[in-house]
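> Generate coordinates for the sequence data below:
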Amino acid sequence: MDIILKNASDEPIYQQIVSQVKSQIMDGTLSAGDALPSMRTLASQLRISVITTKRAYEDLERDGYIENFAGKGCFVKRQNTDFLREETARQVEEMLGKACDKARLCGLTLDEMKEMLEIMYEGNEND
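Below you'll find the model as predicted:
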């Protein structure tokens, strides 16, 4: 599990962990049953407080991405693919909403936005 923290980010560290673990589960990097590092191990690797990793793991468990077994550790939970798709769609809608707000502020038209989206979407398919 690779987690990269950005100290300059406005996003809190625990939320960066949550976002990256969710992303790795949704893209298949982490699969159902995969063990996550212990809270202490992850905290040590990232050079952060155990309290921060504990909060991230609690949020992931609450949101249904991982499950914690006493004495065994935390594992990626079997996911409902419809749930994952819906969660991803919700995140995309949120990001597109922010992009539209910025576009309106600087006077970009809907056609210009569509053109940008088409270029970016097609460009990412070829990556």
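
> Show the model's pLDDT score for Gly123.
pLDDT for Gly123: 81.

> all strands for the chain, in order.
Ranges of strands in the chain, per DSSP state E, are 66-69, 73-76.

> quick one: contacts for Leu60?
Val18, Val21, Lys22, Ile66, Cys74 (Cβ atoms under 8 Å, 6 or more residues apart in numbering). In short, each C-beta sits where N, CA and C put it, glycine included.

> follow-up on the earlier one: can you tell me which of the strands of the chain comes nearest to Lys114?
Shortest distance between Lys114 and the strands of the chain, using Cβ to Cβ, is found for strand 73-76: 36.7 Å.

> In TSV: the strands of the chain, plus mean neighbour count, mean pLDDT and distance to Arg47.
Formatted as TSV, the strands of the chain follow (neighbours: other Cβ atoms under 10 Å; pLDDT from 0 to 100; distance: least, Cβ to Cβ, whole Å):
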stretch	mean neighbour count	mean pLDDT	distance to Arg47
strand 66-69	16	94	22
strand 73-76	18	95	20
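
> Reformat the ones you listed as TSV; add distance to Val92.
Formatted as TSV, these follow (distance: least, Cβ to Cβ, whole Å):
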stretch	distance to Val92
strand 66-69	23
strand 73-76	22
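
> which stretch among the ones you listed comes nearest Thr52?
Closest approach to Thr52 among the strands of the chain is made by strand 73-76 (14.8 Å; Cβ to Cβ).
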